[in-house]
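> Sharing a model that was predicted from the sequence below.
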Amino acid sequence: MIIQEFTKGIFKRNPVFVLLLGLCPTLAVSTSVENAIGMGAAATFVLVFSNILVSLIKNIIPKKIRIPCFIVVIATFVTMVELFLEAYLPDLNESLGLYVPLIVVNCIILGRAEAFASRNPVMLSLADGLGMGVGFSLALLLLGSIREILGSNALFGYELIPGFRPAMIMILPPGAFLTIGFLLGLFALIRSRRVEREEKMMNAEIALPEGAKE
Amino acid sequence: MNKSEKKLFQVSPSPQLHGGESIARIMWAVMLSLLPALAASIYFFGWRALHIEVVAVVSAILTEALIQRLRGKPITVTDGSAAIAGLLLAYNLPVGVPLWLPAVGAAFGIAVGKQAFGGLGHNIFNPALVGRIFVMHSWLPMMTSWSPPRTMLYAKVDALTYATPLGAAKEGIVALVPSSSGVFSAMDMFWGNIGGCIGETSALALLIGGLFLLYRGYIRWETPVAFIGTVALLTWLLPAKTGAIALAPYYHILGGGLMLGAIFMATDMVTTPITGAGMLIFGLGCGLITAIIRLYGGFPEGVAYSILIMNAFTPLIDKLVKPRVFGNKLALSGR
């Protein structure tokens, strides 16, 4: 059960590629792998702890003001992340810029608090938050590496192929939309192929007993 | 039946004659109309211009065929629409670009600008311009380093600081702004003896092609006239921004990509409005955006952006100017 809640965030209900949530930070900070990992880690931290806290206090929050309460909880952890980044990782803090405080309004986090943590026990909420966070981070990592390779000819800031002229557009905003468009198309293709295959197998299974009778 | 009704479109019962038009016939006529500009590009920029054009056309055709094959659709590259997109993209490049750049640009324009939307007739944006904007923002230094035409008297004097007329005016380089005593004159701009993208400099060659298309009825006068007219009017009325040199309207008409864009790209059948009134609005919008970008924007040229932006408005324009259905009193626009 707990493992299921964890893995659903990575594949079946991936916040970026399936739910299409949190696209603003996803597209804005996925210009390099380093930024992607930083943003992913920060968002995962906030997700896990806000899910735990919301799950713990879910019974004492009045229903009518639950959303402001969730926001206060989330903002608390975001402030912690922000102060941590300022103190220990100033470079990363600078390149993420405004998008660190904006984690407060990241709809994945508020969405999980409202849709999951406020209705489920603590351990399940923890697994859900961790799974969603890892799913979000992996999506950012995929986008970030594609964009950094094509747009800066580099990975983690190291040059890859000497002489290759990177397409600068890939680290600009249009590159983010192009990359996510192609990735969503690719996933849709894989899904439809899988459905086709399953249908074929089901048809084969139905056909088999009839053939066996003869 | 009164007289005015008699003059209206008459429909006869079948059997009816086929006009003989087909996509391939139209496209190859457009191709023919682009040949004067091709000749001009070779004359002014040398054989290198032809290399760029061939690479772009071949890349566009191969990309279209490959994607149609992968999608399991009939391969329709012989209709010439991909070849035209490739050639128009090549016309939008400076002569100094490496040969892989037109290949990448044409492939991107066809793949993302055309086939991703479903192929010919389904694309919202002009594929050639999609390709141009992609290479422009990917390899900006290559796309903005201009070489003077080889026929130019002053070509060898200072090739490094060379600029297009519009670029020179924007940056306030007095010596390179066209004038009778300067490096080039208005007649140079008309013939095409100026710096710029390989297919856009010769207004004469583009006009010949445009008149041919008008004669054949494949384009209409509304879009080019509204587009060029609006740019002329606005560049005459509005002041240039500080630091830039104000140019007379005819420099704006002849000195950049306006003729190429207005005649061949703002008149694309797929991505622009279908009625005359719609075309007027489309041309007006293009002219407005081009003039504002040229006068106050960051780039010296704005034709490509203006056409792409107006492409996005095309469905709305078509809805706005929906013609009255024959026999009905009111337009069927739901109002």
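That came in fine, so what should we check first?
> quick one: least confident helix or strand in chain B?
Among the helices and strands of chain B, helix B:3-6 carries the lowest confidence by mean pLDDT, DSSP states H and E, at a mean of 50.
> after that one comes which helix or strand?
helix B:23-45 (DSSP states H and E).
> residues in contact with that following helix?
Outside of helix B:23-45, the residues within contact range by C-beta atoms under 8 Å, 6 or more residues apart in numbering or on different chains are B:49-50, B:53, B:78-81, B:83-84, B:87-88, B:91, B:95, B:120, B:147, B:149-151, B:192-193, B:198-199, B:201-202, B:204-206, B:208-210, B:212-213, B:216, B:218, B:260, B:264, B:269. (Glycine included, C-beta is placed from N, CA and C.)
> Among the residues you listed, which lie within helices?
Assignment to helices by DSSP state H places the following of these there: B:49-50, B:53, B:81, B:83-84, B:87-88, B:91, B:204-206, B:208-210, B:212-213, B:216, B:260.
> Mind checking which of those residues are buried?
When those are checked for burial by 16 or more other C-beta atoms under 10 Å in any protein chain shown, the buried set is B:49-50, B:53, B:81, B:83-84, B:87-88, B:91, B:204-206, B:208-210, B:212-213, B:260.
> Whichever residue of the stretch 51-200 of chain B sits closest to chain A and residue A:152, how far apart?
Minimum separation of the stretch 51-200 of chain B from chain A (C-beta to the nearest C-beta) falls at residue B:138, amounting to 3.7 Å. Distance of residue B:138 to residue A:152, given as C-beta to C-beta, to the nearest Å: 12 Å.
> so what's in contact with the two at the same time?
Taking C-beta under 8 Å, 6+ apart as the contact rule, the neighbours common to residue B:138 and residue A:152 are residue A:166.
> Between those two, point out the one with more neighbours.
The residue with the greater number of neighbours, taking residue B:138 and residue A:152 and applying other C-beta atoms under 10 Å in any protein chain shown, is residue B:138; the counts read 24 against 18.
> contacting residues for the more buried one?
Neighbour list for residue B:138: A:166, A:167, A:168, A:169, A:170 [criterion: C-beta under 8 Å, 6+ apart].
> Number of residues surrounding the nearest residue in space to it that is not next to it in sequence?
Leaving out its chain neighbours, the residue that sits closest to residue B:138 by C-beta to C-beta, 6 or more residues apart in numbering or on different chains is residue A:167, at 3.7 Å. Residue A:167 has 22 neighbouring residues, counting by other C-beta under 10 Å.
> same check, this time on residue A:34
That count, for residue A:34 with other C-beta under 10 Å as the rule, works out to 18.
> Surely it touches residue A:156?
Yes - with contact defined as C-beta atoms under 8 Å, residue A:34 and residue A:156 form a contacting pair (6.3 Å).
> Packing partners of the helix or strand hosting residue A:175?
Take DSSP H and E as the rule and residue A:175 turns out to sit in helix A:173-213. Using 3 or more C-beta pairs under 8 Å, 6 or more residues apart in numbering or on different chains; DSSP states H and E as the contact test, the elements touching helix A:173-213 are helix A:23-29, helix A:122-152.
> how about the strands in chain B?
Taking DSSP state E as the criterion, chain B contains no strands.
> So which residues on it come close to chain A?
Taking C-beta under 8 Å from any C-beta of the partner chain as the measure of proximity, chain B contacts chain A at B:104, B:112, B:134, B:137, B:138, B:139, B:140.
> so where's chain B shaky on pLDDT?
Within chain B, the segments meeting pLDDT under 70 span B:1-11, B:151-163, B:172-184, B:329-335.
> which residue is nearest the centroid of it?
Geometric centre of chain B, nearest residue: residue B:261, 2.5 Å, by C-alpha atoms, centre = their mean.
> So which bits of chain A are right by chain B?
Residues of chain A lying near chain B (C-beta under 8 Å from any C-beta): A:165, A:166, A:167, A:168, A:169, A:170, A:172, A:174, A:178.
> in chain A, what residue is nearest chain B?
Closest point on chain A to chain B, by C-beta to the nearest C-beta, is residue A:167, at 3.7 Å.
> residue contacts, that residue?
With contact set as C-beta under 8 Å, 6+ apart, residue A:167 has these partners: A:150, A:151, A:175, B:104, B:134, B:138, B:139.
> ChimeraX command to pick out the buried ones of those residues?
Here is the ChimeraX command that selects only those of the contacts of residue A:167 that count as buried (16+ other C-beta under 10 Å):
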select /A:150,151,175 /B:104,134,138,139
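> Restrict stretch B:185-200 to CA atoms and write it as PDB.
As requested, C-alpha coordinates have been extracted for stretch B:185-200 and formatted as PDB (Å, rounded to 0.1, in the frame of the first residue of the first chain):
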ATOM      1  CA  SER B 185      21.500  54.500 -53.100                       C
ATOM      2  CA  ALA B 186      17.800  53.800 -53.300                       C
ATOM      3  CA  MET B 187      18.300  52.300 -56.800                       C
ATOM      4  CA  ASP B 188      20.800  49.800 -55.300                       C
ATOM      5  CA  MET B 189      18.100  48.800 -52.900                       C
ATOM      6  CA  PHE B 190      15.600  48.400 -55.800                       C
ATOM      7  CA  TRP B 191      18.000  46.200 -57.800                       C
ATOM      8  CA  GLY B 192      19.100  44.300 -54.700                       C
ATOM      9  CA  ASN B 193      22.700  45.500 -54.500                       C
ATOM     10  CA  ILE B 194      22.600  45.700 -50.700                       C
ATOM     11  CA  GLY B 195      23.400  43.600 -47.700                       C
ATOM     12  CA  GLY B 196      20.700  41.300 -46.300                       C
ATOM     13  CA  CYS B 197      19.200  37.800 -46.600                       C
ATOM     14  CA  ILE B 198      20.000  36.200 -49.900                       C
ATOM     15  CA  GLY B 199      16.400  36.200 -51.300                       C
ATOM     16  CA  GLU B 200      15.100  39.500 -49.900                       C
END
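> From the chain's centroid, how far away is it?
Taking C-alpha atoms, centre = their mean, to the nearest Å, one finds the center of stretch B:185-200 at 16 Å from the center of the full chain.
> quick one on the thing from earlier: let me know which of the helices and strands packed on helix A:173-213 is the nearest to residue B:73.
Between residue B:73 and the helices and strands packed on helix A:173-213, the shortest separation by C-beta to C-beta is 27.4 Å, and it involves helix A:122-152.
> List the buried residues in that closest one.
Of all the residues in helix A:122-152, those buried under the rule 16+ other C-beta under 10 Å are A:124-152.
> Please, which helix or strand holds residue A:77?
Assigned by DSSP H and E, residue A:77 falls within helix A:66-88.
> and the helix holding residue A:175, what's its mean pLDDT?
When pLDDT is averaged over helix A:173-213, the result is 82.
> For residue B:270, give me its contacts.
B:120, B:121, B:122, B:123.
> want to throw those residues into a markdown table with neighbour count?
A markdown table is the format used below for these (neighbours: other C-beta atoms under 10 Å in any protein chain shown):
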| residue | neighbour count |
| --- | --- |
| B:120 | 19 |
| B:121 | 12 |
| B:122 | 11 |
| B:123 | 24 |
